[in-house]
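K.L.:
Need coordinates for the below:
(chains A and B)
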Amino acid sequence: MALNPSSPGPGASRLFCKFLLVLAPAFLVSSLLGLSLIAEHMAQDTHNQLSARIGTQAAHIAAALGRGYQSGDTGASQDLLSTLLYDPAILCAEVRSGFGDASVLNAPRGLGCIGQEQAEHFKIPVGVDHGKVLHVRFSSDEVEATRRNYREFSLLAMLLGLLISAGASYIGFRLIIGRPLKALLHAIRHAGTSAQPVCVPSSGRDELGIVIGAYNQMQENLFEETRRVRQKTAELRAERHLNEELLSKVFQVSPYPFAIVDPEDGTYHNVNEAWLSTMGYAREEVIGRTAGDLGIWISSRERARFVDQVKTEGSAHAYEAKVRTKDGAELDALISGEHVELGGETRLFMVADDITELKKADAERQRHHAEILSAKVELEDTNRQLLQRTEELEATQEALVQQERLATLGELTATVSHELRNPLAAIRSSVHLAIQKTKGLEIGIDRPLERVERNVVRCDSIISDLLGYASDPVCDTRHVEGDHWLRTTMNEFDIPADVHLITQFAAPNAQVHIAPERIRQVVVNIIENALQALAGMPEDEPRVLKVTTAAEAGSYMAAFEDSGPGMDAETVAKVFEPLFSTKSYGCGLGLATAKKIIEKYRGGIRFDSEPGAGTKVTMSLPATDAHERAA
Amino acid sequence: MRIIAMAGLIALGIMTSAANASDKVSITEKIMLQATMQQSIAHQLVDGKYYYFDAKAAKVHALYPGKTHPMIMRMGEHFILCTNFRKDDGKAVNVDFYVARQGDSFVIFDTVVDNRAPIKQLMKAGHVRVAK
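P.N.:
Below is the predicted model:
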């Protein structure tokens, strides 16, 4: 569609007025400037013309007067001078015989320059060497008149030019700008009320034509875009209708309680069947009323918090709250709400999930869980007791096995010892007899026989050790005073003279319940080991054996400390192992037997030793105070 | 708009006043200058002819007075006036008169015949300007 406007609108006239506001001052200023320059130039030209004219005339008259004086014709000179007055600018002229003297000739004749004293004047010599001067008074009004006339003419020309320019501009503006502009305005107005694109005829390739071309292109693009938008809008409307229909079906058939609420006043606009059946209301009881009216929310604070969240965040999801049904039952529910556009209006779409049974099941599950945890604790306690009992049983079993093993070993050792001791006794008696028989015969078998006898004794000692370790003889036990018993036992020892024995008995009241013979075997073993260690010391080294006792925490402690070479930690760790010995003789059962005996009487024995620092053997036995016992 | 007009007028005034201040010559002086030149020419005329010696051509030419140029040039304190003469063959010849001030009157101190080049160069260099 194309438009062809006939006249510019009021907008174009205003635009022209604005244009004129710029044009007229610019025209006036430039015209005034130009015309002033021209007027000044013209005045200057008139000025020059006037000076040239008067100067030339005066010079020629002066020359002629000079020649006239030469001829002596005064009348001709007067006439000649009068010709100057033919020039309108010359007011008067006088020929004077000298500067400042009275005139000889004058023009107008007889008057001269009387009354013209204010006028401009000049004077030039008349001829050569006549001593006369031509005085001329003139008026330069011609110059000012020329300037004034030209200014008036210029002003008129300028005003006429301004009027012509304004008129021409107006006509040109209407033709060049106003008409296309009106067409463009009309097209823009039409485009605002019509769905059809309106094209404006292009006015050529000038700026306005480019603007109109851009407008036409914009119109086409806009129309195409509008068409696409309308098509898209139609598609969206169809899709929206489909969605609303789908939402409506979901709303009605959903097993979850749905409600559509006015977000402003909270009134129910619609609820589905699930909501009615869950809450126990009839539809007409709900529509148009609020949750507050129905008392659905048990906690008004929870309801206010839910509403605030929806208002501030636009939605709320899985909000846990308690609601009340019509019959007063309380339900646990997860409530979600979100603003949706339905039928062009904003509604609050709410859905609830009844989690009452779920909460009950969860509580039941938590109760079961607590019971399981309690049972688990009890089971772990029982298990721990069982493990402890098992360990005790295993220890007992091991002790029994050990006792049985020792019993078997004891029987075996007793049998072997008995079987070995008989032949050893026969050998020993035979050797003894042989020694007696060969004494003094000097046949060279004394020493071998003595060696046989010593080894027989040694074998017997080994057998004794074996029997002592393996056997567990039944001995009588009784209460004895520890210090008294130990002092007596120590007195039985034949301590070498080079050994300095120190005894400190500090537990006079401690009583121990022991089989003295068995414990004596322990003390003997410890003392013999100490004496053997001291015997290996250099002669210049002190040999000290210190025996101390003490009663500590229900125990009788007896310590045997020697100043021997001591032992390293590895040796100390093995001293109680059977068959371990650092000596070249013995079978290594002494300390093992001692430990076994002490432990039988619920006592203990400990070795503390370091190389070069001696050895300390501490023996402890359960003790009772003699006074307490007496009491 | 008013500002533009004022600026134009001020610029015009400055231009005009500056020109007038430097090259202003009164009309009386202009008349006397023209009269001095005409008197000099009249004084040198021999039977209406103005003779001059052309050194280049080594020849004396006879010139006839013609039209006077109303424009007066100024070269510092001195003035230059021009007039047209005609040769025997009727061709125009420019004659420039160099004038100096002497008290209330003027005297011609040099006359250059048919040689405008020096004046044009001086005008181009700004040493010679039109007297206002």
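K.L.:
what's near enough to touch A:Tyr170?
P.N.:
A:Phe16 (CB atoms under 8 Å, 6 or more residues apart in numbering or on different chains). (C-beta placed from N, C-alpha, C; glycine too.)
K.L.:
got the phi/psi numbers for the residue of chain B found nearest chain A?
P.N.:
Closest to chain A within chain B is B:Gln34: 2.6 Å, counting by CB to the nearest CB. Main-chain torsions, B:Gln34, degrees, to the nearest 10: phi -60, psi -40.
K.L.:
Grab the nearest non-local neighbour of it.
P.N.:
A:Gly55 (2.6 Å; CB to CB, 6 or more residues apart in numbering or on different chains).
K.L.:
and the one you found, how many neighbours?
P.N.:
Other residues near A:Gly55 come to 29 when the count uses other CB atoms under 10 Å in any protein chain shown.
K.L.:
So for it, what pLDDT did the model give?
P.N.:
Each residue has a pLDDT score; the one for A:Gly55 is 91.
K.L.:
Helix or strand: which one has it?
P.N.:
helix A:10-71 (DSSP states H and E).
K.L.:
ok now that helix, how far from the chain's centre?
P.N.:
How far helix A:10-71 lies from its chain's middle: 86 Å, per CA atoms, centre = their mean, to the nearest Å.
K.L.:
C-terminal to it, what's the next element?
P.N.:
Taking DSSP H and E, what comes next after helix A:10-71 is helix A:74-82.
K.L.:
which parts of that following helix are buried?
P.N.:
Buried residues in helix A:74-82, counted by 16 or more other CB atoms under 10 Å in any protein chain shown: A:77-78, A:80-82.
K.L.:
Can you identify the element that follows the strand ranked longest in chain B toward the C-terminus?
P.N.:
Criterion DSSP state E: the longest strand present in chain B is strand B:59-75. Remark: after strand B:59-75, the chain's next helix or strand is strand B:78-86, criterion DSSP H and E.
K.L.:
What is the nearest of the buried residues of helix A:74-82 to B:Ala58?
P.N.:
Of all the buried residues of helix A:74-82, B:Ala58 sits closest to A:Leu80, with 40.2 Å by CB to CB.
K.L.:
I'd like the distance from the nearest residue in space to the closest one that is not next to it in sequence to A:His317, if you could.
P.N.:
Nearest in space to A:Leu80, with sequence neighbours left out and distances taken as CB to CB, 6+ apart, is A:Ala64 at 5.2 Å. Using CB to CB, to the nearest Å, one obtains 128 Å as the distance from A:Ala64 to A:His317.
K.L.:
out of the two, which sits in the more crowded spot?
P.N.:
Using other CB under 10 Å as the criterion, A:Ala64 and A:His317 rank with A:Ala64 on top: 18 against 12.
K.L.:
doesn't A:His60 make contact with the residue of chain B closest to chain A?
P.N.:
No. Judged on CB atoms under 8 Å, B:Gln34 makes no contact with A:His60 at a distance of 10.8 Å.
K.L.:
Show the contacting residues for B:Lys49.
P.N.:
Applying CB under 8 Å, 6+ apart to B:Lys49 gives the contacts B:62-64.
K.L.:
PyMOL command for the buried members of the residues you listed?
P.N.:
Typed into PyMOL, the line below selects the buried ones among these, using 16+ other CB under 10 Å:
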select buried, chain B and resi 63
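K.L.:
Same list (the contacts of B:Lys49) but as CSV, adding distance to chain A.
P.N.:
CSV is the format used below for the contacts of B:Lys49 (distance: CB to the nearest CB, whole Å):
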residue, distance to chain A
B:Ala62, 19
B:Leu63, 17
B:Tyr64, 15
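K.L.:
Just the closest of the contacts of B:Lys49 to A:Arg487, please.
P.N.:
Nearest to A:Arg487 among the contacts of B:Lys49, with distances taken as CB to CB, is B:Leu63, at 181.6 Å.
K.L.:
which non-adjacent residue is nearest the closest one?
P.N.:
B:Phe85 (3.7 Å).
K.L.:
Just the pLDDT for the one you found.
P.N.:
For B:Phe85, the model assigns a pLDDT of 93.
K.L.:
I'd like to know how far A:Tyr556 sits from A:Ala52.
P.N.:
166 Å.
K.L.:
low-scoring pLDDT stretches of the stretch 101-250 of chain A, where are they?
P.N.:
Scanning the stretch 101-250 of chain A for pLDDT under 70 picks out A:101, A:129-130, A:195, A:203.
K.L.:
hang on, the earlier thing: confidence score at the residue of chain B closest to chain A?
P.N.:
For B:Gln34, pLDDT reads 92.
K.L.:
Check the burial of it by counting its neighbours.
P.N.:
Neighbours around B:Gln34, by other CB under 10 Å: 31.
K.L.:
cool, and A:Phe19?
P.N.:
When neighbours are counted by other CB under 10 Å, A:Phe19 registers 15.
K.L.:
Likewise for the one 10 residues further on?
P.N.:
Neighbourhood size, A:Val29 [other CB under 10 Å]: 19.
K.L.:
Grab the nearest non-local neighbour of residue 42.
P.N.:
Because you didn't say which chain, this covers chain A. A:Tyr150 (5.0 Å).
K.L.:
looking at chain B here, not the other one
P.N.:
Nearest non-adjacent residue to B:Ala42 (CB to CB, 6+ apart): A:Ala63, at 3.9 Å.
K.L.:
can you pull the contacts of that neighbour?
P.N.:
Here A:Ala63 is in contact with A:127, B:38-39, B:42-43 (CB under 8 Å, 6+ apart).
K.L.:
gap between the two ends of stretch A:266-279?
P.N.:
Stretch A:266-279 has an end-to-end distance of 17 Å (criterion: CA to CA, to the nearest Å).
K.L.:
typed the wrong thing, it's stretch A:511-518
P.N.:
In stretch A:511-518, first residue to last residue: 16 Å (CA to CA).
K.L.:
Can you give me the buried ones in it?
P.N.:
A:511-512, A:514-516, A:518.
K.L.:
again, but for stretch A:81-94
P.N.:
Here stretch A:81-94 shows A:81-82, A:84, A:87, A:89-94 as buried, counting by 16+ other CB under 10 Å.
K.L.:
who's in contact with the residue in chain A that chain B sits nearest to?
P.N.:
Proximity of chain A to chain B (CB to the nearest CB) peaks at A:Gly55, 2.6 Å away. By CB under 8 Å, 6+ apart, the contact set of A:Gly55 is B:30-38.
K.L.:
Test my guess that the residue nearest to A:Leu80 contacts A:Asp79.
P.N.:
No. A:Ala64 is beyond contact range of A:Asp79, at 10.3 Å (criterion: CB under 8 Å).
K.L.:
For A:Lys18, give its distance to A:Leu163.
P.N.:
In terms of CB to CB, A:Lys18 sits 19 Å off from A:Leu163.
K.L.:
Surely A:Gly337 forms part of a strand?
P.N.:
Yes. Applying DSSP: H, G, I helix; E, B strand; the rest coil, one finds A:Gly337 inside a strand.
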